[in-house]
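Novice: below is the sequence, then the predicted model.
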Amino acid sequence: MTLALGCIADDYTGASDLANTLTRAGLRTVQIIGVPADDLALPEVDAVVVSLKSRSIEAGLAVSRSRAAETWLRGRGVGHVLFKICSTFDSTDAGNIGPVMDALRADCGEGAVLVTPAFPETGRTVYQGNLFVGAVPLSESPLKDHPLNPMHDSNLVRVLARQSSTQIGLVDLATVARGAEAVRARLAELAARGIGAAIIDAVFDRDLETIGLVAAEHLLSVGASGMGLGLARALVSTGKVKPAPSGETGAAVGGLAACLAGSCSQATLQQIASAERIMPVLHLDPERIVAGAAEAQRALDWARPRLAEGPVLIASSATPDAVAAVQARHGRDAAGHAIEQAMAGIAEGLVQAGVRRLIVAGGETSGAVVDRLKIPGFLVGVEIAAGVPVLRAVGASSGEMLLALKSGNFGGPDFFSDALRLMR
Ligand SMILES: Nc1ncnc2c1ncn2[C@@H]1O[C@H](COP(=O)(O)OP(=O)(O)O)[C@@H](O)[C@H]1O
Ligand SMILES: O=C(O)[C@@H](O)C(=O)COP(=O)(O)O
């Protein structure tokens, strides 16, 4: 079997968002956790999304893991690799988007790489190289307060230039609007000037379709789910993939249900407030989490007797001021890591207590949870909200399980009840 598209995602929620988009566009897609073993037997699929937890780790490690994933994908005959990043370009001046892009580009010998985080369905658009989140520039959006990578510059040409060793160009919306031939010509012109990557504007899905047609002729692209949409539609429209009906509809799993939230995004804080009306919610004390294992144990002792009555929600999420206070005392990475590991321990305890339907809010948080549960991969089911599908765990030691890995920023106010309704 030859894979039509290989993807390397820098976090697990991002990977399931992309797998969801590819599936909806007609590509049979599987999401794999970590770099797969050489002898992994794949089902009959068109696309593989390799999920890494490489967004917020040291850049050198992100590069080596991404390279290993690329080698695996190319070894399976993949012509085009999409490096999936966040639609809000989550990164710091140290990386990891630039260093990973540079390494993958060097490995495959690509000229100029097309880069766009645009994902109009969730309000992410790019104009003149500037990223908008809904109606506001990135630097004025809630992403300015992200606990791990606060975003203070909306101009992605500048942001990527600070992270990359190559010069960064721009393919503007006027060029995209003129169609694929105009984009090809502009890209060739940039490559001839030695420019190794270009932010490309996109405001509507039709822009992404144009971008996808050109990107699919190359070896590498960098983008969010919108780039995935463009590539998938190009693969279908050029006859390289025969579209399949979307979404697996396996048997109900049943079992107990629980929700975990480690995202501190505005959207997640609102969703937690809304969940308080329909299920018991425990707010963890971040100070006590950093101090030791007792807080995770308290959470499990609180949850166990309640689970038989219905779903519960356990959250570490806090407002920007409270997050800043914890980080000032313990350091950003140490606090984040301790809280992620506590959430992973709680997830493990919940599964031991019989939870088989688990919803996790937050990308890094989801990464820690899925790693702890040692889930090797997922099949994509129905869509709960834009960018968030129901996932069926494949090969997990706990047996049948349904999960939803929600990007902190995604989903409407009633996301938790919306998800529980669809996770049977
Ligand atoms: N109360 C808190 N104080 C400080 N950091 C927190 C708190 N709660 C969660 N975190 C950390 O914030 C980060 C949130 O990132 P993530 O899970 O990726 O969410 P998102 O999807 O919103 O980016 C994680 O590292 C998490 O452990
Ligand atoms: O592209 C996106 O916005 C998401 O797919 C994504 O990457 C989510 O990251 P987190 O917000 O850290 O969950």
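Specialist: Now that the structure is in, tell me what you want to look at. Ligands and ions are numbered 1, 2, ... in the order given.
Novice: near ligand 1, which residues of this protein are found?
Specialist: 147-148, 262-265, 286, 316-318, 322-323, 326-327, 335-336, 339-340, 362-365, 407-408 (C-beta under 6 Å from any ligand atom). Just so you know, the C-beta spots here come from the backbone N, C-alpha and C atoms, and that holds for glycine as well.
Novice: mind checking the SS state of residue 159?
Specialist: At residue 159, secondary structure determined by DSSP: H, G, I helix; E, B strand; the rest coil is helix.
Novice: hang on, residue 248 in a helix?
Specialist: No. With three-state DSSP as the criterion, residue 248 is coil rather than part of a helix.
Novice: can you report how many residues neighbour it?
Specialist: Other residues near residue 248 come to 16 when the count uses other C-beta atoms under 10 Å.
Novice: and it, how far from ligand 1?
Specialist: 25 Å (C-beta to the nearest ligand atom, to the nearest Å).
Novice: got the phi and psi for the one residue in the stretch 201-350 of the chain that gets nearest to ligand 2?
Specialist: Proximity of the stretch 201-350 of the chain to ligand 2 (C-beta to the nearest ligand atom) peaks at residue 224, 3.9 Å away. Note on residue 224: its backbone torsions stand at phi -100, psi -160 [degrees, to the nearest 10].
Novice: how about the one 4 residues further on?
Specialist: Note on residue 228: backbone dihedrals following degrees, to the nearest 10 are phi -60, psi -40.
Novice: right, and it touches residue 20 too?
Specialist: No. Between residue 228 and residue 20 there is no contact under C-beta atoms under 8 Å: 9.2 Å.
Novice: low-confidence ranges in the chain?
Specialist: For the chain, the stretches with pLDDT under 70 are 1, 247, 249.
Novice: so in it, which strand runs the longest?
Specialist: strand 377-385 (DSSP state E).
Novice: excluding its backbone neighbours, what's nearest residue 303?
Specialist: With C-beta to C-beta, 6 or more residues apart in numbering as the criterion, residue 303 has its nearest non-adjacent residue at 5.2 Å, and that residue is residue 312.
Novice: in the stretch 251-400 of the chain, which spans are strands?
Specialist: 256-261, 281-283, 312-315, 355-361, 377-385, 388-394 (DSSP state E, counting those that start in this stretch).
Novice: need these in a markdown table (columns: mean neighbour count and distance to residue 201).
Specialist: What follows is the strands of the stretch 251-400 of the chain, written out as a markdown table (neighbours: other C-beta atoms under 10 Å; distance: least, C-beta to C-beta, whole Å):
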| stretch | mean neighbour count | distance to residue 201 |
| --- | --- | --- |
| strand 256-261 | 26 | 34 |
| strand 281-283 | 16 | 41 |
| strand 312-315 | 24 | 37 |
| strand 355-361 | 26 | 30 |
| strand 377-385 | 22 | 26 |
| strand 388-394 | 24 | 26 |
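Novice: as a markdown table, these with distance to residue 200 would be great.
Specialist: Output for these, formatted as a markdown table (distance: least, C-beta to C-beta, whole Å):
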| stretch | distance to residue 200 |
| --- | --- |
| strand 256-261 | 34 |
| strand 281-283 | 42 |
| strand 312-315 | 37 |
| strand 355-361 | 30 |
| strand 377-385 | 26 |
| strand 388-394 | 25 |
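Novice: interface residues of this protein facing ligand 2?
Specialist: Residues of the chain lying near ligand 2 (C-beta under 6 Å from any ligand atom): 11, 13-14, 17, 86-88, 224-225, 362-363, 387, 407-409.
Novice: show me just the buried residues among these.
Specialist: Buried by 16 or more other C-beta atoms under 10 Å: 11, 13-14, 17, 86-88, 224-225, 362-363, 387, 407-409, out of the residues of the chain next to ligand 2.
Novice: in helices, which of those residues fall?
Specialist: 13-14, 17, 225, 363 (DSSP state H).
Novice: farthest-separated two in those?
Specialist: 225 and 363 (13.4 Å; C-beta to C-beta).
Novice: which part of the stretch 251-400 of the chain gets nearest to ligand 1, residue-wise?
Specialist: Closest point on the stretch 251-400 of the chain to ligand 1, by C-beta to the nearest ligand atom, is residue 362, at 2.5 Å.
Novice: what residues does that residue make contact with?
Specialist: Each residue near residue 362 by C-beta atoms under 8 Å, 6 or more residues apart in numbering is listed here: 13, 261-263, 265, 268, 317, 406-408.
Novice: now these as TSV including distance to residue 107?
Specialist: Listed next are the contacts of residue 362 as TSV, based on distance: C-beta to C-beta, whole Å:
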residue	distance to residue 107
13	26
261	37
262	33
263	33
265	34
268	36
317	38
406	32
407	28
408	31
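Novice: what's the farthest-apart pair in these?
Specialist: Once C-beta to C-beta is applied, those give 13 and 317 as the farthest pair, at 14.7 Å.
Novice: looking at the protein, which helix is longest?
Specialist: When the chain is parsed with DSSP H, its longest helix is helix 332-352.
Novice: list the contacts of that helix.
Specialist: Outside helix 332-352, the residues that touch it by C-beta under 8 Å, 6+ apart are 56, 147-148, 256, 258, 260, 262, 284, 286, 289-290, 293, 295-296, 299-300, 303, 307, 314, 316, 326-327, 329-330, 358, 360, 364-365, 367-369, 371-373, 398, 401.
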